[in-house]
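Visitor: from the sequence below, what's the structure:
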Amino acid sequence: MVSTAGHCVSDGAGQFHRNVVVVPGYSSKCDGCGDAPYGRWTARELTTLSEWHSFSNFKQDVGLIIVNDRNAKRIVNRLGGQGTRFNVARSQQF
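Guide: Reported below is the predicted structural model:
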């Protein structure tokens, strides 16, 4: 699962984007590293908050991309991950 902006997965008018590909480390300005240094990961599922998806509410511009495995490897095993926690106290330090 890749965390991203809602506008990366939905047009904000009720339509999800098609043919989404995640390219970690992409840089058109990176000399010698290529445009996809960690490969291309195709999306299996896209999701966002309904306030972004249907109403373009930029305060809710949050999205998630579930990516397919690539060469029998999960993206988290190739690149690492941060994890996600919900309902923690606001006073948490990270």
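Visitor: how about residues contacting the longest strand anywhere in the chain?
Guide: Assignment by DSSP state E gives strand 41-48 as the longest strand of the chain. Contacts to strand 41-48, defined as C-beta atoms under 8 Å, 6 or more residues apart in numbering, come from residues 2, 6, 9-10, 16-17, 20-24, 62-68, 70, 75. Backbone N, C-alpha and C define where each C-beta goes, glycine included.
Visitor: how about the nearest residue to residue 69, chain neighbours excluded?
Guide: In space, and not counting its chain neighbours, residue 69 is closest to residue 75: 8.0 Å by C-beta to C-beta, 6 or more residues apart in numbering.
Visitor: cool, and residue 8?
Guide: What sits nearest to residue 8 in space, not counting adjacent residues and going by C-beta to C-beta, 6+ apart, is residue 63, at 5.5 Å.
Visitor: so that neighbour is in contact with residue 12, correct?
Guide: No: taking contacts as C-beta atoms under 8 Å, residue 63 lies outside contact range of residue 12: 10.6 Å.
Visitor: low-confidence ranges in this protein?
Guide: Scanning the chain for pLDDT under 70 picks out the ranges 30-34, 94.
Visitor: before we move on, the earlier item: centre of the chain to the longest strand of the chain, how far?
Guide: Strand 41-48 sits 8 Å away from the centroid of its parent chain (C-alpha atoms, centre = their mean, to the nearest Å).
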